[in-house]
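Colleague: Sequence first, predicted model second:
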Amino acid sequence: MGIEVEYQKALWSVLNTNKVTLGLTGVYDFAPQAADGGDTAPFPYATMGQIFAVQMDTQTTEGFEMTGRVHVFSRSGSMLQCKTIQGKIYDLLHRSTLTVTGFNNFLLLRNESDCLMDEDGKVHGVCEYRGLVDSSA
């Protein structure tokens, strides 16, 4: 499979394994949707389906700079729950490594973080994590 798929699987695995510690009810690619388009996932939850890869080869190794967006959704009525979960995700991911099938991950850093109020009253947090990987083959 491609690096985007393997990287997303690795990121999902870490978040899902630690969802209780992070204070999440679930981790999704896309949150389950009701027939009217509303979310049916219990809050708070995370999604992380957006993965971007930039080719970063050397003369001898295939490599990529990966960006993964982790979205946190809350209906707590304030930013505190969302920011607390984002902080726990930071503690879990920043300066750590992921087990990416077929690749070595040698750097994972949070690039940025934001929290905003959606029109429907949800608090929506977005964090971007940058990972550098190279082929293990």
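Modeller: That came through, no problem. Residues are numbered from 1 along each chain as shown.
Colleague: Give me the contacts around stretch 47-66.
Modeller: 2-4, 7-8, 11-12, 15, 27-31, 67-71, 73, 103, 130-135 (Cβ atoms under 8 Å, 6 or more residues apart in numbering). Just so you know, the C-beta spots here come from the backbone N, C-alpha and C atoms, and that holds for glycine as well.
Colleague: Quick check: pLDDT value at the most centrally placed residue in the chain.
Modeller: Nearest residue to the geometric centre of the chain (Cα atoms, centre = their mean): residue 70, 3.1 Å. Here, the pLDDT recorded for residue 70 equals 97.
Colleague: Can you tell me how far the closest residue in space to residue 129 that isn't next to it in sequence is from residue 21?
Modeller: Excluding its sequence neighbours, the residue lying closest to residue 129 (Cβ to Cβ, 6 or more residues apart in numbering) is residue 68, at 5.0 Å. To residue 21, residue 68 is 19 Å away according to Cβ to Cβ, to the nearest Å.
Colleague: quick one on the thing from earlier: ok, the residue nearest to the centre of the chain - contacts?
Modeller: Counting by Cβ under 8 Å, 6+ apart, the residues that residue 70 touches are 11, 15, 46-48, 89, 126-129.
Colleague: want to try TSV for those residues, with distance to residue 80, neighbour count and pLDDT as columns?
Modeller: Output for the contacts of residue 70, formatted as TSV (distance: Cβ to Cβ, whole Å; neighbours: other Cβ atoms under 10 Å; pLDDT from 0 to 100):
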residue	distance to residue 80	neighbour count	pLDDT
11	25	24	95
15	20	22	97
46	16	26	97
47	20	20	95
48	22	22	90
89	15	25	98
126	17	16	97
127	16	24	97
128	21	16	97
129	22	24	96
